[in-house]
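Q: please find the sequence and the predicted model below.
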Amino acid sequence: MNLLSRVFSYELPTEIVFGINSIEQLSQKVRGLQGNRVLVITDPGVKDAGILDKLIKQIDADISFDTFWDIEREPDVKTIRNATEKAKEFGADLIVGIGGGSALDAAKAVAIMLNNDGDIIDYAGLNNVPNPSVPTICIPTTSGTGSEVTIWTVISDKDNNRKFGIGGKSIAPTMALCDPNLTTSLPGLMTAATGVDALTHALESFVNKATQPISQALSRESMRLIFKSLRKAVHQGDNLEARYDMLLASTIAATAFNPTRLGLAHALCMPLGAKFKVPHGIANAILLPQVMEFNIIGNPEAFKEIAEIFGENTEGLSLYEAAELSVKAIKKLNQDAGIPAGFAEFGVTEEDLDYIAEGAIGSDNVLVNPRKPSLEDLKEIVRKSL
């Protein structure tokens with residue numbers, strides 16, 4: 001790719017506050033955003049883990065707040081409607097989302113609906129939200145989705161077995177409050193899944209046709225941190241340095257793909273998550289090696305660099321031999337992290353390949369992928385991942 005011939009832009013709407021114990025700044029940040037009535041949105045897992053209580057202790061007595069903690073994995077439109085109704089009844093003027101990607105996406109969706117009429121489904125697509133969201137603070141408790149800084153929220157329509165994205169810079173959270181302490185209780189498999197999700201963000205942004213120098217630099221650093229620390233975070237959950245690195249890698253990766261989008265792994269994740277309920281991070285992790293093998297021919301120089309970031313020795317090899325070592329490195333990372341071997345255990349069969357490929361082919365992520373796929377190509381990638 002000849003970057004000299006391109007004009008690119010980079011914008012980061014979200015203020016990022018990052019560091020150990022940074023959650024202690026919550027009340028100060030709420031006041032700075034002129035919040036008086038705060039709705040905290042989260043999920044039952046965060047509540048049961050005691051993390052919601054930790055957050056509530058940081059809200060000063062002069063700030064009114066209420067909570068909505070019924071967010072399920074991959075939040076449904078009905079849940080968004082219920083949370084929006086509660087936010088309106090409470091008179092919320094600021095939303096705090098705390099949790100993984102589902103809770104943060106739900107918080108962003110509710111923030112949209114407090115300033116816009118109609119239904120959340122009305123705003124599917126890019127730049128379809130007419131009015132800016134109310135101020136939103138997103139606090140991640142996993143290290144993978146990057147929803148705390150992205151311009152997207154992804155919502156499920158479970159009655160119709162589909163997922164849809166709503167995008168635009170006005171949807172990005174006003175602030176991301178990133179405290180590695182909040183991630184140390186995350187179980188090993190979830191740490192692995194969210195960590196490889198972050199890796200997929202960085203890697204797909206790095207190799208795709210829309211990449212640009214700022215995103216590439218961010219992706220490199222994210223991948224370097226993941227290579228250094230994912231295994232330790234999975235197997236030594238209380239290792240705060242590893243947790244710091246992984247949360248930073250996740251946030252950085254999201255800032256990389258905001259302006260570039262992603263690739264085939266994320267396109268295929270949508271139908272796999274919608275119908276078969278494959279967790280997003282697991283789906284990405286299973287797909288990524290097969291997607292990489294398909295894409296190498298489209299950008300071998302970038303895949304060679306990925307192999308080197310992941311510690312592979314490329315000296316004396318041809319460009320394509322070196323690029324193929326990137327796939328070997330990611331397969332080994334998946335194995336070490338305990339990622340499931342394939343989709344068969346989620347009930348996906350050969351008979352489902354048409355549905356999955358047809359659900360993915362229309363994604364904008366396909367348009368920026370480094371190699372143009374056919375429906376048969378997409379089916380083969382999933383077939384190899386069964």
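A: Perfect, I can see it now.
Q: so where do the strands sit in the stretch 251-386 of the chain?
A: Read by DSSP state E, counting those that start in this stretch, the stretch 251-386 of the chain holds no strands at all.
Q: the most centrally placed residue in the chain and residue 257, how far apart?
A: The C-alpha lying nearest the average C-alpha coordinate of the chain belongs to residue 145 (CA atoms, centre = their mean; 2.3 Å). Per CB to CB, to the nearest Å, residue 145 is found 11 Å from residue 257. Any C-beta I mention is one placed from the backbone N, CA and C, and that applies to glycine too.
Q: repeat for residue 219
A: Separation of residue 219 from residue 257 (CB to CB): 8 Å.
Q: got any residues that touch both of the two?
A: 202, 205 (CB atoms under 8 Å, 6 or more residues apart in numbering).
Q: more crowded one of those two?
A: Between residue 219 and residue 257, counted using other CB atoms under 10 Å, residue 257 has the larger neighbour count: 31 against 28.
Q: quick one, what contacts the more buried one?
A: By CB under 8 Å, 6+ apart, the residues touching residue 257 are 146, 150, 201-202, 204-205, 215.
Q: what do you get for residue 165?
A: 124-125, 152-155.
Q: turn the contacts of residue 257 into JSON lines, including pLDDT and distance to residue 250.
A: Listed next are those as JSON lines, based on pLDDT from 0 to 100; distance: CB to CB, whole Å:
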{"residue": "146", "pLDDT": "95", "distance to residue 250": "5"}
{"residue": "150", "pLDDT": "96", "distance to residue 250": "11"}
{"residue": "201", "pLDDT": "97", "distance to residue 250": "8"}
{"residue": "202", "pLDDT": "98", "distance to residue 250": "9"}
{"residue": "204", "pLDDT": "98", "distance to residue 250": "14"}
{"residue": "205", "pLDDT": "98", "distance to residue 250": "13"}
{"residue": "215", "pLDDT": "97", "distance to residue 250": "15"}
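Q: now, which of those sits nearest residue 237?
A: residue 146 (20.4 Å; CB to CB).
Q: which element is the closest one on?
A: Using DSSP states H and E, residue 146 sits within no helix or strand.
Q: didn't it look like it was pressed against residue 198?
A: Yes. Counting by CB atoms under 8 Å, residue 146 does reach residue 198; the two are 6.7 Å apart.
Q: overlap in contacts of these two?
A: 250, 253-254.
Q: the residues you listed into CSV, with extra columns for pLDDT and distance to residue 281?
A: Output for the shared contacts of residue 146 and residue 198, formatted as CSV (pLDDT from 0 to 100; distance: CB to CB, whole Å):
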residue, pLDDT, distance to residue 281
250, 98, 11
253, 98, 12
254, 97, 14
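Q: ok, and the most crowded of the residues you listed?
A: Going by other CB under 10 Å, residue 253 tops the shared contacts of residue 146 and residue 198 with 34 neighbours.
Q: now do that one against residue 160, distance only.
A: Counting by CB to CB, the gap from residue 253 to residue 160 is 30 Å.
Q: same thing with residue 218?
A: Distance from residue 218 to residue 160, by CB to CB: 35 Å.
Q: counting neighbours, go ahead and name the busier of those two.
A: Using other CB under 10 Å, the more surrounded residue of residue 218 and residue 160 is residue 218, with 25 against 11.
Q: quick one, what contacts residue 347?
A: Applying CB under 8 Å, 6+ apart, the residues contacting residue 347 are residue 276.
Q: residue 275: how many residues sit nearby?
A: 19.
Q: show the pLDDT at the nearest residue to it once chain neighbours are set aside.
A: Nearest non-adjacent residue to residue 275, counting by CB to CB, 6 or more residues apart in numbering: residue 161, 4.8 Å away. At residue 161, the pLDDT value in this model is 80.
Q: residue 161: how many residues sit nearby?
A: 13.
Q: what do you get for residue 222?
A: 31.
Q: quick one: distance of the helix or strand of the chain with the lowest mean pLDDT to the chain centre.
A: In the chain, no helix or strand scores lower on mean pLDDT, DSSP states H and E than strand 162-167, which sits at a mean of 89. Here strand 162-167 is found 13 Å from its chain centre; the criterion is CA atoms, centre = their mean, to the nearest Å.
Q: elements contacting the helix or strand following it?
A: Using DSSP H and E, the helix or strand that follows strand 162-167 in sequence is strand 175-178. Packing contacts for strand 175-178, counted by 3 or more CB pairs under 8 Å, 6 or more residues apart in numbering; DSSP states H and E, involve strand 15-18, helix 26-32, strand 136-140, helix 240-257.
Q: list the buried ones in the second one?
A: This points to helix 26-32. In terms of neighbour count (16 or more other CB atoms under 10 Å), helix 26-32 has its buried residues at 26-27, 29-30.
Q: before we move on, the earlier item: so what's the residue nearest to the centre of the chain closest to, chain neighbours aside?
A: In space, residue 145 is closest to residue 101, 3.0 Å off (CB to CB, 6+ apart).
Q: mind listing what that neighbour touches?
A: 142, 144-147, 154, 280.
Q: between those, which is closest to residue 188?
A: residue 142 (12.5 Å).
Q: go ahead and confirm that closest one touches residue 183.
A: Yes. Here residue 142 reaches residue 183: they are 6.4 Å apart, a contact under CB under 8 Å.
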